[in-house]
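A.B. asks: Here is my input; please provide its structure:
(one chain, ligands or ions: 1)
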Amino acid sequence: MKTLTKQQLKEFAFAQGLDLFGVANIERFKNAPRDMSPVSIFPEAKSVIVIGKRIVRGAWRGIEEGTYWPTYTYFGYHGMLNSYFIHYPMYELACLIEDYGYEAVPVYPGVTAEDRATVLPPVRRGASPADVHLNIRIAGVAAGIGEIGWSKIFMTKKFGPRVRLACIITDMKIEPDPLVEPGSICDKCMQCVKGCSACAIPHRKENKTVKIQIEDKTYEWGDVHMGRCTLSYHGGDSENSPFIHRDFPGWNMKVSEQDMSEETAYKFAWTLSQNNWRKSKEHPSGWLNEGHHYLHHWGEAGSYGVEGSRGCMRSCFNHLEKKGTIEQTFKGGDFIKRERWLLPCKVAGIRAEKKNE
Ligand code: SF4
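C.D. replies: Numbering: from 1, shown residues only. This is a model prediction of the structure:
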């Protein structure tokens, strides 16, 4: 029988356009809950290959300047990167593995839902729930590609937090990569906390953390308020969305004071971006929020970003680049070049404008 080596797999992955490649043996997932374990998906699994691709730094330029939103959603978030740029080469890699007689399960890196009330019961006695969500960031740590930073963002030495991941579960036994030393990338500088206007990331002084153990290493990060994160990121945040200022006169909702769950935040923000309203003189577009609707469209009907990871990504990689932690450097200097913008939380209402006339 033909043999396939780890080196061949790695070279093939990079030749297909992927930037990151690492392998975890299945034993590294022994602490994973059943509804998040690769073994629940493929009981004969021996290895999890995690692959990834960088998000180009320029994907955020328009949002950082407050002038142009589609690039991040289309190229850096859900649109092409999470729907095509990673998955086409990953699928080719899975085909290569199966050409050599091993089974390969390519896994879409969906977000692990906070609300587990929707988990489906097992389809047969003794089986795992019929709704397994592998945590791709933890898989990335287990495969030695990087670590999870304080803000819960996955980060690598090469690109910092500017990466997206996916994985293949296989019954091919592959030598695992060494784990990254905890704290060797994230230095707990708290720039992410400062940059997140939603106040979703706790300060280290608050002692709100999540910990996982893989082999002899403990990884720890801040217990992020996912309701505020989701609400701000997906467009419930007037401080970060000029589109709210156009379509919701009178809005006055400070995200940092909200305490809704992640699921409720999605329900709220996605309702605003997906649905229409009658065309009127006051609201001629016919959409609840025209700008968010078109961003959702750029996300290829998947997901979209309005707030654009102000703290957890932009503040973070700006800091790590300055410090020289990230291997990829830029001739033009710092990413954050100008005073950062935030809009007023309270959106000037029509009545208020008329009063001033
Ligand atoms: S900004 Fe980045 S490096 Fe600094 S604490 Fe946050 S995640 Fe860690």
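A.B. asks: Name the residues of the stretch 101-250 of the chain found near the ligand, please.
C.D. replies: Gly149, Trp150, Ser151, Cys186, Asp187, Lys188, Cys189, Met190, Gln191, Cys192 (Cβ under 6 Å from any ligand atom). Every residue, glycine included, has its C-beta placed from N, CA and C.
A.B. asks: Using a markdown table, lay out these together with neighbour count and secondary structure.
C.D. replies: Listed next are those as a markdown table, based on neighbours: other Cβ atoms under 10 Å; DSSP: H, G, I helix; E, B strand; the rest coil:
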| residue | neighbour count | secondary structure |
| --- | --- | --- |
| Gly149 | 27 | coil |
| Trp150 | 26 | coil |
| Ser151 | 27 | coil |
| Cys186 | 25 | coil |
| Asp187 | 14 | coil |
| Lys188 | 14 | coil |
| Cys189 | 16 | coil |
| Met190 | 19 | coil |
| Gln191 | 21 | helix |
| Cys192 | 28 | helix |
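A.B. asks: so which pair among these is furthest apart in space?
C.D. replies: Ser151 and Asp187 (12.4 Å; Cβ to Cβ).
A.B. asks: As a check, name the ranges of all strands in the stretch 51-200 of the chain.
C.D. replies: 104-107, 147-148, 154-155, 163-170 (DSSP state E, counting those that start in this stretch).
A.B. asks: Tell me which of these sits most buried.
C.D. replies: Mean neighbour count, computed with mean count of other Cβ atoms under 10 Å, is highest for strand 154-155 among those, reaching a mean of 26.
A.B. asks: how far away is the closest residue to the ligand within the stretch 251-357 of the chain from Asn31?
C.D. replies: Nearest residue of the stretch 251-357 of the chain to the ligand (Cβ to the nearest ligand atom) works out as Cys316 at 3.3 Å. Look at Cys316 and Asn31: by Cβ to Cβ, to the nearest Å, they are 27 Å apart.
A.B. asks: what does Trp277 give?
C.D. replies: Separation of Trp277 from Asn31 (Cβ to Cβ): 48 Å.
A.B. asks: Between the two, tell me which one has more neighbours.
C.D. replies: Trp277 (13 against 10; other Cβ atoms under 10 Å).
A.B. asks: so what's that one up against?
C.D. replies: Contacts for Trp277 (Cβ atoms under 8 Å, 6 or more residues apart in numbering) come out as His283, Gly286, Trp287, Leu288.
A.B. asks: State the pLDDT value of the closest residue to Ala198 other than its chain neighbours.
C.D. replies: Closest residue to Ala198 apart from its sequence neighbours, by Cβ to Cβ, 6 or more residues apart in numbering: Ser232 at 3.7 Å. If you check Ser232, the pLDDT there is 96.
A.B. asks: how far is the strand or helix carrying Ser40 from where the chain is centred?
C.D. replies: According to DSSP states H and E, Ser40 maps onto helix 38-41. On the basis of Cα atoms, centre = their mean, to the nearest Å, helix 38-41 is displaced by 22 Å from the centre of the chain it belongs to.
A.B. asks: go on, stretch 62-76?
C.D. replies: The answer for stretch 62-76 is 15 Å, by Cα atoms, centre = their mean.
A.B. asks: Tell me how far Phe75 lies from Lys158.
C.D. replies: 19 Å.
A.B. asks: Just give the number of residues close to Leu9.
C.D. replies: Residues near Leu9, counting by other Cβ under 10 Å, number 22.
A.B. asks: thinking it is in contact with Phe21, fair?
C.D. replies: Yes - with contacts counted by Cβ atoms under 8 Å, Leu9 reaches Phe21, the gap being 7.4 Å.
A.B. asks: anything in contact with each of the two?
C.D. replies: Ile49.
A.B. asks: related to what we said a few turns ago, tell me what the helix holding Ser40 is packed against?
C.D. replies: strand 104-107, strand 163-170 (3 or more Cβ pairs under 8 Å, 6 or more residues apart in numbering; DSSP states H and E).
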